[in-house]
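1. Need coordinates for the following:
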Amino acid sequence: MGALWIAHVTVTDEDAYSKYAAVATEAIAQHGGVFLARGGRFVQLEGKARPRNVVAKFDSVAMAQQCYESETYQKALSFAKDASERELMIIEITE
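-> Have a look, this model is predicted:
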């Protein structure tokens, strides 16, 4: 089954985060991920709003997790660590 990688982000350092985004995009593509939403308009109905929301689709939870654990994505995270506040999850698509 496919999986969605969903991130909710508040960027605190635009320069560093742009480096994260470039390397993360590479890692996601290397693992077969395809962006469905990246930024864009959203409506927050409940919980804490984050101004940047990203959804990528992978072939499986395992592929999404392999992406996260990859050397390339871990390099990307080194840029995001002090440049953002974020939540990230992987959710299996059930239909």
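2. Is it correct that residue 12 is in contact with residue 86?
-> No. Here residue 12 lies out of contact with residue 86, judged by C-beta atoms under 8 Å, at a distance of 10.1 Å. All C-beta spots, glycine's among them, are computed from the backbone N, C-alpha and C.
3. The two: which is more packed in?
-> residue 86 (18 against 12; other C-beta atoms under 10 Å).
4. Make sure that one is indeed in a helix.
-> No. Using DSSP: H, G, I helix; E, B strand; the rest coil, the assignment for residue 86 is strand, not a helix.
5. What's opposite it in the beta bridge?
-> residue 9 (DSSP bridges).
6. how far away is it from residue 44?
-> Separation of residue 86 from residue 44 (C-beta to C-beta, to the nearest Å): 15 Å.
7. quick one: the strands in the protein?
-> Secondary structure of the chain (DSSP state E): strands located at 3-11, 34-38, 52-58, 84-92.
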